[in-house]
Structures are given as structure tokens and as C-alpha cells.
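Novice: After the sequence you'll find the predicted model.
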Amino acid sequence: VQLVESGGTSVQPGDSLTLSCKVSESTSVRHTIAWFRRAPGKEREGVLCISSAEGVTMTYADSVKDRFTISRDNAKNTVYLQMNRLKPDDTAVYYCAASRGSCRGQNFSFWGQGTLVTVSS
């Protein structure tokens, strides 16, 4: 099981950015996928999650409501994190993770290596 994140870069406050999580073919349609992040000096936190079958989403972090969205394209084995109106507090390493369970269970066994997003003026 492999997950590879991409798209991290440095942006200014208020900018938008889309991260991608390429999932190995064997996992893409059967696994729940979520985005997590770890800010400097802070614990890792869940951001958003999307279920495998119906694509139902769940928001883990209140701070991203109405700004971030998660989506998946099973034909491309890719999950996206669209981030709008970015703030300096969104600076973090962003990870995608896969689970054979539900978003609510938060039992993620497989992780990518992370991609760094820096929001700074």
C-alpha cells in the first residue's frame, strides 16, 4: 500500500492550493482516505476525510470548515485537498492516510511521506 502526496509549496495568506494524494491501485477504491497535518511544534491533527464507497466526507478540524474540501477521483487513484483562503496557521506538513474502516473510526494504517505547505507573507 503506497500513498504519495504532492503539491506542497510556499504561498501567501489568502492564496489557494491543491494537494494531491496518489494512491496505489490496490487501495484506491476500497479505502477511506484522510488528510492530516502536523504544524511546527504541534501534535498531528486530522483535517478532512472521504469514505471509499460513497465519497461521504467528514471534517476533523473546525479551523478548516468552509475553506478546505476533499475529493477523490477513483479513475485516477487520487484524492485531493483543495485549500482556500490559506492562513499562516495552516503551515504544516500535510499527510494523506488510508484506512479499511470508516472516517469516524480514524484507524489509519497506511501513510504517505508528507508534503510541506508554508503560508507566509
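Specialist: Everything's here; your move.
Novice: Can you classify V47 by secondary structure?
Specialist: Here V47 is strand, with the state taken from DSSP: H, G, I helix; E, B strand; the rest coil.
Novice: meant to ask about D89, not that
Specialist: Classified using three-state DSSP, D89 is helix.
Novice: thought it was touching R67?
Specialist: No: using CB atoms under 8 Å, D89 makes no contact with R67, being 11.1 Å away. C-beta: built from backbone N, CA, C; applies to glycine.
Novice: ok, these two, which is more surrounded?
Specialist: R67 (14 against 11; other CB atoms under 10 Å).
Novice: Which helix or strand in the protein has the lowest average pLDDT?
Specialist: helix 25-28 (a mean of 62; mean pLDDT, DSSP states H and E).
Novice: Output stretch 14-23 as CSV, nothing but the C-alphas.
Specialist: Presented in CSV, the C-alpha positions along stretch 14-23 are these (Å, rounded to 0.1, in the frame of the first residue of the first chain):
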residue,chain,number,x,y,z
GLY,A,14,-5.3,34.3,1.2
ASP,A,15,-4.0,32.1,-1.6
SER,A,16,-5.4,28.8,-2.7
LEU,A,17,-3.6,25.5,-3.1
THR,A,18,-4.5,21.9,-4.1
LEU,A,19,-2.7,18.9,-2.7
SER,A,20,-2.8,15.5,-4.3
CYS,A,21,-2.5,12.1,-2.8
LYS,A,22,-1.8,9.4,-5.3
VAL,A,23,-2.9,6.0,-4.0
